[in-house]
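1. make a model of this:
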Amino acid sequence: MNFAKLQLPRIPDAVAHQIETRILEGSLKPGDRLPAERELAIELGVSRPSLREAIKKLVSRDLLISRHGGGTYVTDRLAASFSDPWQQLIEQHPCLQEDVLEFRHLIEGSAAELAAQRATESDLERLEQAYVKLDAAYAVRTIAVPRSRPTSLFT
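-> A predicted model of the protein is given here:
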């Protein structure tokens, strides 16, 4: 009988995943300083070299900023926009994908409702012009219609 080989995560990868999870849950917020290396290694039950490797991985992905002699911080760029590190987090955490879609559904629906309620005459004219152009383009088939849905959550 043959058994499949188990694929166990490397310790630094598991540590990086744990820190990512803390960022996603909000227990680590943009600008927060990570605990001292020795303290965090004890808390996570890993060696300091494994922790350092995990931190380097997250620094390279722009999730953390490491200042020599000044500590390691969660990047404040996360608050500004969804950048590549956030896209990677979403891809690696399937539960978050549903949360993002639900969030977009709520926000985009509310935004559309408010836009409709607050539209000025010039807004309505611009919408009408855009609709006429779109309708004309579909009539002559000058717009390529995508055959499949985009795979990115942000398109």
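2. what helix or strand is Gln117 on?
-> Gln117 belongs to helix 94-118 when assigned by DSSP states H and E.
3. in that helix, what counts as buried?
-> Burial within helix 94-118, assessed by neighbour count using 16 or more other Cβ atoms under 10 Å, is assigned to 96, 100. From N, CA and C alone the C-beta is placed, and that goes for glycine too.
4. specify the next element, helix or strand, located C-terminal of that helix.
-> Moving toward the C-terminus from helix 94-118, the next helix or strand (DSSP H and E) is helix 121-140.
5. what's the angle between that next one and helix 94-118?
-> Here helix 121-140 runs at an angle of 120 degrees relative to helix 94-118 (axes from the mean of the first three to the mean of the last three Cα atoms, to 10 degrees).
6. tell me how far helix 121-140 lies from the chain's centre.
-> For helix 121-140, the distance between its averaged C-alpha position and the chain's averaged C-alpha position is 33 Å (Cα atoms, centre = their mean, to the nearest Å).
7. and for stretch 9-17?
-> Averaging C-alpha coordinates over stretch 9-17 and over its chain gives two centres that are 19 Å apart (Cα atoms, centre = their mean).
8. picking that back up, which helices and strands does the helix holding Gln117 pack with?
-> helix 84-92 (3 or more Cβ pairs under 8 Å, 6 or more residues apart in numbering; DSSP states H and E).
9. pull the number of nearby residues for Ala41.
-> As a burial measure, Ala41 scores 19 neighbours (other Cβ atoms under 10 Å).
10. what pLDDT does it get?
-> Reading off the per-residue confidence, Ala41 sits at a pLDDT of 95.
11. now it: which helix or strand?
-> Secondary structure from DSSP H and E places Ala41 in helix 37-44.
12. ok now that helix, how far from the chain's centre?
-> Centre-to-centre, helix 37-44 and its host chain are 26 Å apart (Cα atoms, centre = their mean).
13. helices or strands next to the helix or strand following that helix in the packing?
-> Per DSSP H and E, helix 37-44 leads on to helix 48-60 as the next helix or strand towards the C-terminus. When contacts are defined as 3+ Cβ pairs under 8 Å, 6+ apart, helix 48-60 sits against helix 11-25, helix 37-44, strand 64-67.
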